[in-house]
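no sequence on this one, just coordinates:
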């Protein structure tokens, strides 16, 4: 069973940790969102790539859900003294990743290439692919104009009302070299419980990805990031509303139809089963809140059983 | 009394700390060597500028003589895990300086400009000027070919025999915007007890600097970095030999004639007074080993009294 997952950061990392424990990691390919990538201090920061790499190599700070475990913030404090920006909290250990990546990119290595190098160095056993080597940047329209995702989410703490969303650069971007092939040749596609608008949306905006999802022979399963009318974490609710999607499993189904086959929803949302069926997806009801390693594995097992 | 000093790193920092305590810091301009500058991890590292800035703002790690006090090396350890270079030990707090500088340089700010910004942010009260905004790089010829200064000194621990020295880029470089003026308008020039070959030599290699030193009305005083036939610290001895200079106060005098007026030598080297006179410089005998704050101030007082 070869699985290709589409993933954002924190929520995806939990399910992927479960999947990696239930199957041969070599058979798991993850296509990750890079729409949140940002240049911080002149360094190329790829939050989702790093969250996934850290989470799947036991390096993620689990309490924060981002950054390296046991990290310190001495460079950040010194940068503050120098008058540099400190709203994006880069830890000292984490900083090495950004410096390493930035140097490689400046030397002409692709994001896919340096992501592979970092993954191998840290012992990552799954295949992690950026959605594209080209810059695709999620931008959010607010009353103050357009903001980058990090400006909106980290600097602005997701407090501003979002009026519109764009994936800047998408139309000129090319999918990462192995991305479309990973979708076409998988036995199953798993859309992780990530923000449909700012985590999965950017991946879908890359030319060829939606078509590949529609054409692949793989079963396509998505796990809802919405439980009981709210996002499990992050600003998915507000952003779905801004896109005209109901903050409910039906909103997730609408974002992923017509190419999604199965949608895993929470037991408490079982009442949405019929509307989901009407949208063309088959509901799978289960316990989808992942609060510990056991629930990650349990959800991974449900996912694998559903696509088998 | 306006003083302009020519400076390398560690040894210069001690005398400059003394001078800054004995005069109005605003009247002290320091022209610093950038021949040791290196690109490490894709970041622009300026060891002498930083040593001087840290030393004169109470931030230098005094035990090591380089880097920021109480620094940690978590990014370095993480970089090692990633397979990056770790022979040049960049501390976490120190790293912020290199990132800040690199970002400014890439944005088109000059090295002089960003050095001023960093100095102001850290409370540096003297005026610190890079010798040039253009790259001038000290390169050392060994049996294995040409090496950068950091390759020779840090990676190779200064163990390789040096056969030749060049200041690559010097012929095309322009002195920093205030450098020649600072030499012309000072009342006194102080050549700090730095390596004549790899700290002061690069400054002298910048077009116009030697001429300015020869033409200025200021008294030019140098402090010998050589005591009792050896360098007080660092590889100055080996490098002076490689340049055909005796490892003695006379070698220093030869490196700095005909433009040096006074040469401060150690009491134990008083026997060199006559040969120094014959080379055209007037010897000043004193206690030049700076082992604590008091001896730094005592030497600074001797220097200021000699040029008054």
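Cool, got the structure. Note that this is a predicted model, so its numbers are computed, not measured. Residues are numbered from 1 along each chain as shown, chains lettered A, B, ... in the order given.

in terms of contact, does residue A:143 touch residue A:161 like I think?
Yes: the pair residue A:143 / residue A:161 is scored as a contact, 6.9 Å apart, by C-beta atoms under 8 Å. Any C-beta I mention is one placed from the backbone N, CA and C, and that applies to glycine too.

Give me the more crowded residue out of these two.
residue A:161 (11 against 8; other C-beta atoms under 10 Å in any protein chain shown).

what about that one, distance to residue A:147?
The gap separating residue A:161 from residue A:147 is 12 Å, by C-beta to C-beta, to the nearest Å.

for residue A:44, same thing?
Taken as C-beta to C-beta, the span from residue A:44 to residue A:147 is 19 Å.

Settle it for me: which of those two has more neighbours?
Each of residue A:44 and residue A:147 has its neighbours counted (other C-beta under 10 Å); residue A:44 has more, 22 against 18.

If I follow the layout properly, that one ends up in contact with residue A:34?
No: counting by C-beta under 8 Å, residue A:34 is not a contact partner of residue A:44; they are 9.9 Å apart.

Who are the contact partners of the residue most central in space within chain A?
Nearest to the mean C-alpha position of chain A, by C-alpha atoms, centre = their mean, lies residue A:8 at 0.5 Å. With contact set as C-beta atoms under 8 Å, 6 or more residues apart in numbering or on different chains, residue A:8 has these partners: A:32, A:33, A:36, A:48, A:192, A:194, A:195, A:198, A:199, A:200.

Narrow those to those in helices?
Residues of the contacts of residue A:8 located in helices (DSSP state H): residue A:48.

of all the contacts of residue A:8, which two lie farthest apart?
A:36 and A:192 (14.5 Å; C-beta to C-beta).

Which parts of the stretch 151-300 of chain A are helices?
A:179-185, A:201-205, A:209-215, A:236-242, A:249-256, A:273-278, A:293-307 (DSSP state H, counting those that start in this stretch).

what residues does chain A put near chain B?
With C-beta under 8 Å from any C-beta of the partner chain as the criterion, chain A meets chain B at residues A:41-43, A:68, A:71-72, A:74-79, A:81-84, A:92-97, A:99-100, A:102-103, A:106, A:117-118, A:121-122.

Mind giving me the ChimeraX select for the residues you listed, buried ones only?
With 16 or more other C-beta atoms under 10 Å in any protein chain shown as the burial test, the buried ones among those are selected in ChimeraX as follows:
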select /A:41,42,43,68,71,72,74,75,76,78,79,81,82,84,92,93,94,95,96,97,99,100,102,103,117,118,121,122
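
which ones among the residues of chain A next to chain B are found in helices?
A:74-79, A:81-82, A:92-97, A:99-100, A:102-103, A:106, A:117-118, A:121-122.

Mind giving me the packing neighbours of the lowest-mean-pLDDT helix or strand in chain A?
Across the helices and strands of chain A, mean pLDDT, DSSP states H and E gives its lowest value to strand A:230-231, namely a mean of 85. Other helices and strands packing on strand A:230-231, by 3 or more C-beta pairs under 8 Å, 6 or more residues apart in numbering or on different chains; DSSP states H and E, are helix A:236-242.

what's the helix it packs on packed up against?
Judged by 3+ C-beta pairs under 8 Å, 6+ apart, the packing partners of helix A:236-242 are strand A:164-168, strand A:226-227, strand A:230-231.

ok, 7 Å please
The elements that helix A:236-242 packs onto, with contact taken as 3 or more C-beta pairs under 7 Å, 6 or more residues apart in numbering or on different chains; DSSP states H and E, are strand A:164-168.

what residues does the strand it packs on touch?
Here strand A:164-168 makes contact (C-beta atoms under 7 Å, 6 or more residues apart in numbering or on different chains) with A:35, A:136-141, A:197, A:201-202, A:205, A:239, A:242-243.

Quick one: mean pLDDT over it.
For strand A:164-168, the mean per-residue pLDDT is 95.

And stretch A:228-240, how far out from the chain middle?
Distance of stretch A:228-240 from the chain centroid (C-alpha atoms, centre = their mean, to the nearest Å) equals 14 Å.

before we move on, the earlier item: partner strands of the least confident helix or strand of chain A and their direction?
strand A:226-227 (antiparallel) (DSSP bridges).

Give me the mean pLDDT for the strand it pairs with.
What strand A:226-227 shows for mean pLDDT is 94.

next one: that strand to chain centre, how far?
Worked out by C-alpha atoms, centre = their mean, strand A:226-227 lies 16 Å from the chain centre.

same check, this time on stretch A:221-234
Put simply, stretch A:221-234 sits 13 Å off its chain's centre (C-alpha atoms, centre = their mean).

Enumerate the positions of that stretch that are buried.
Within stretch A:221-234, the residues that count as buried by 16+ other C-beta under 10 Å are A:221, A:222, A:223, A:224, A:225, A:226, A:227, A:231, A:232, A:234.

got the contact list for that stretch?
Contacts for stretch A:221-234 (C-beta under 7 Å, 6+ apart): A:10-11, A:15, A:188-196, A:236-237, A:247-249, A:251-252, A:256, A:260-266, A:268-269, A:288-289, A:303, A:306-307.

OK, contacts around the closest residue to chain B within the stretch 101-250 of chain A?
Going by C-beta to the nearest C-beta, chain B is nearest to residue A:103 of the stretch 101-250 of chain A, at 3.6 Å. Counting by C-beta under 7 Å, 6+ apart, residue A:103 makes contact with B:41, B:42.

What about the closest residue to chain B within the stretch 201-308 of chain A, how many residues nearby?
Residue nearest to chain B within the stretch 201-308 of chain A: residue A:293 (23.8 Å; C-beta to the nearest C-beta). Residue A:293 is flanked by 12 other residues according to other C-beta under 10 Å.
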